[in-house]
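Trainee: This is the structure alone, sequence omitted:
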């Protein structure tokens with residue numbers, strides 16, 4: 001059935017990612033889409049299906065049921081219904097109408113083709129006379145042009161971290177090999193020895209040299225901690241205003257990382273050091289945006305414009321950085337989706353992205369209360385950890401009980417090289 005012309009373009013722009021399309025693209029999309037009504041009790045989506053379509057709820061209410069029986073209600077016009085319904089492939093939920101409901105149904109391939117050629121900023125912003133908005137648009141244009149041509153200037157992983165990660169990935173590497181690489185960087189060697197003698201890793205005797213530290217920690221933990229201690233070097237800007245933003249970004253990364261470590265240690269089988277590193281990397285995509293913004297004075301003085309640019313670019317750029325650094329897919333997933341409260345990964349078991357999203361939620365609530373944030377139970381990542389009996393009250397008690405551990409982690413992560 002053809003889509004009726006009465007569907008306003010402004011209504012379509014209330015959905016993510018349709019809001020990225022121009023008016024002309026939305027008109028084209030409407031010509032290829034289907035607008036369908038569903039009666040109460042009628043099934044829209046079957047779990048396990050590979051149907052190649054995206055569903056957007058225009059009117060009514062739907063019941064979303066996971067394999068374990070958990071139920072969520074989606075109501076048209078609410079924040080939870082502002083994106084494609086149950087978008088994972090294969091489908092991981094049964095979706096049924098519980099009221100007379102209407103959906104816009106779009107072929108996934110057609111939508112992806114339009115998104116690939118979408119404008120780099122909304123047309124009304126591109127034509128704005130506001131100089132800050134012009135700078136924002138130019139920043140977005142420049143970044144996307146560089147991203148699409150693989151020319152974006154991405155930060156490099158500090159040399160010592162790169163060497164240690166490469167050595168640790170080899171089967172014939174010994175603790176002596178790792179220790180020699182670390183000894184070439186006295187500041188890193190000192191940090192690793194200090195970590196070994198901290199409350200987190202302290203043994204029966206004090207560690208006095210790098211080799212003993214590597215032996216105590218093990219190859220994998222050493223590799224992760226060296227990357228952790230190296231990341232502070234990335235958060236640098238020549239502009240004082242942007243350096244303040246870098247400092248706030250680093251503080252947020254450290255806090256999320258420490259919480260992710262404690263959650264991993266207490267509630268999952270994920271290595272705590274991996275969770276720590278994932279937390280530090282979750283906002284790495286913001287760094288090149290801030291560095292590039294040095295060329296645009298209007299962005300530096302206009303916080304809202306810079307924030308919009310960051311929100312638009314951080315996921316893709318963060319994923320590109322970690323791909324360049326040869327990080328595992330789980331870390332790349334964190335960089336791409338950490339700012340999406342409603343993201344749900346395909347694995348049945350809790351993943352790094354779940355820990356980071358839940359840690360971020362705790363940080364946001366601690367910083368400014370719960371206004372504008374979803375309830376814990378609405379966040380898929382939290383529900384996935386909830387299967388391990390991580391209830392809202394228990395997670396808060398857990399973090400309170402682990403305060404000394406959190407403080408120790410913060411101390412380990414607080415030092416950065418002098419500017």
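Mentor: That came through fine. The structure presented is a predicted model; accordingly, all values stated were derived computationally and were not measured.
Trainee: domain parsing for this protein?
Mentor: 9-116, 133-155+235-419, 157-233 (automatic domain parsing).
Trainee: what pLDDT, on average, does the second one get?
Mentor: Averaging the model's pLDDT scores along domain 133-155+235-419 yields 78.
Trainee: okay, residue 197: pLDDT?
Mentor: 84.
Trainee: centroid residue for this structure?
Mentor: residue 338 (1.8 Å; Cα atoms, centre = their mean).
Trainee: Now that one: phi and psi?
Mentor: phi -60, psi -20 (degrees, to the nearest 10).
Trainee: ok now do it, which residues does it touch?
Mentor: Contacts for residue 338 (Cβ atoms under 8 Å, 6 or more residues apart in numbering) come out as 282, 283, 318, 353, 356, 357, 360. Where C-beta positions appear, they are placed from N, C-alpha and C, glycine not excepted.
Trainee: Include neighbour count, secondary structure and distance to residue 159 when you put those residues into JSON lines, please.
Mentor: Formatted as JSON lines, the contacts of residue 338 follow (neighbours: other Cβ atoms under 10 Å; DSSP: H, G, I helix; E, B strand; the rest coil; distance: Cβ to Cβ, whole Å):
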{"residue": "282", "neighbour count": "30", "secondary structure": "coil", "distance to residue 159": "23"}
{"residue": "283", "neighbour count": "23", "secondary structure": "coil", "distance to residue 159": "23"}
{"residue": "318", "neighbour count": "28", "secondary structure": "helix", "distance to residue 159": "21"}
{"residue": "353", "neighbour count": "27", "secondary structure": "helix", "distance to residue 159": "28"}
{"residue": "356", "neighbour count": "31", "secondary structure": "helix", "distance to residue 159": "26"}
{"residue": "357", "neighbour count": "29", "secondary structure": "helix", "distance to residue 159": "31"}
{"residue": "360", "neighbour count": "24", "secondary structure": "helix", "distance to residue 159": "30"}
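Trainee: Surely residue 335 forms part of a strand?
Mentor: No - counting by DSSP: H, G, I helix; E, B strand; the rest coil, residue 335 is not found in a strand; it is helix.
Trainee: Excluding residues flanking it in the chain, which one is nearest it?
Mentor: residue 318 (3.2 Å; Cβ to Cβ, 6 or more residues apart in numbering).
Trainee: Look up how far residue 28 lies from residue 111.
Mentor: 11 Å (Cβ to Cβ, to the nearest Å).
Trainee: more crowded one of these two?
Mentor: residue 111 (20 against 15; other Cβ atoms under 10 Å).
Trainee: Out of the contacts of residue 338, which is nearest to residue 234?
Mentor: residue 283 (10.9 Å; Cβ to Cβ).
Trainee: ok, that closest one touching residue 252?
Mentor: Yes - using Cβ atoms under 8 Å, residue 283 is in contact with residue 252, at 6.5 Å.
Trainee: distance between the ends of stretch 180-191?
Mentor: The first residue of stretch 180-191 is 15 Å away from its last residue (Cα to Cα, to the nearest Å).
Trainee: which residues are contacting it?
Mentor: Residues outside stretch 180-191 that contact it (Cβ under 8 Å, 6+ apart) are 159-160, 163-164, 167, 192, 210, 214, 226, 229-230, 412, 415, 417.
Trainee: how much distance is there from that stretch to the middle of the chain?
Mentor: 31 Å (Cα atoms, centre = their mean, to the nearest Å).
Trainee: Any buried residues in that stretch, and which?
Mentor: Buried residues in stretch 180-191, defined by neighbour count with 16 or more other Cβ atoms under 10 Å: 181, 182, 185, 188, 189, 191.
Trainee: quick one: low-confidence ranges for the stretch 51-200 of the chain?
Mentor: Along the stretch 51-200 of the chain, segments meeting pLDDT under 70 span 89, 116-152.
Trainee: could you pull out the strands for it?
Mentor: 53-59, 61-66, 71-75, 93-97, 101-107 (DSSP state E, counting those that start in this stretch).
Trainee: Output the ones you listed in JSON lines, with distance to residue 385 and mean neighbour count appended to each entry.
Mentor: JSON lines is the format used below for the strands of the stretch 51-200 of the chain (distance: least, Cβ to Cβ, whole Å; neighbours: other Cβ atoms under 10 Å):
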{"stretch": "strand 53-59", "distance to residue 385": "27", "mean neighbour count": "21"}
{"stretch": "strand 61-66", "distance to residue 385": "14", "mean neighbour count": "18"}
{"stretch": "strand 71-75", "distance to residue 385": "16", "mean neighbour count": "15"}
{"stretch": "strand 93-97", "distance to residue 385": "18", "mean neighbour count": "21"}
{"stretch": "strand 101-107", "distance to residue 385": "31", "mean neighbour count": "20"}
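Trainee: Can I get the ones you listed in CSV including distance to residue 329?
Mentor: Below are the strands of the stretch 51-200 of the chain laid out as CSV (distance: least, Cβ to Cβ, whole Å):
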stretch, distance to residue 329
strand 53-59, 23
strand 61-66, 23
strand 71-75, 27
strand 93-97, 23
strand 101-107, 27
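Trainee: between the ones you listed, which gets nearest to residue 262?
Mentor: That would be strand 61-66 among the strands of the stretch 51-200 of the chain, by Cβ to Cβ, at 26.6 Å.
Trainee: who does that closest one touch, helix- and strand-wise?
Mentor: strand 71-75, strand 93-97 (3 or more Cβ pairs under 8 Å, 6 or more residues apart in numbering; DSSP states H and E).
Trainee: Nearest to residue 15, out of the ones you listed?
Mentor: So among those, strand 71-75 is nearest, using Cβ to Cβ, at 12.5 Å.
Trainee: Okay, now the sheet partners of that closest one, with direction.
Mentor: Within its sheet, strand 71-75 is paired with strand 61-66 (antiparallel), according to DSSP bridges.
Trainee: Pull the residues that contact the strand it pairs with.
Mentor: 44, 71-76, 85-86, 92-99, 101.
Trainee: Now for the residue lying closest to residue 23 once chain neighbours are set aside: which residues touch it?
Mentor: Nearest residue to residue 23, sequence neighbours excluded (Cβ to Cβ, 6+ apart): residue 9, at 5.6 Å. Residues in contact with residue 9 (Cβ under 8 Å, 6+ apart) are 23, 26, 27.
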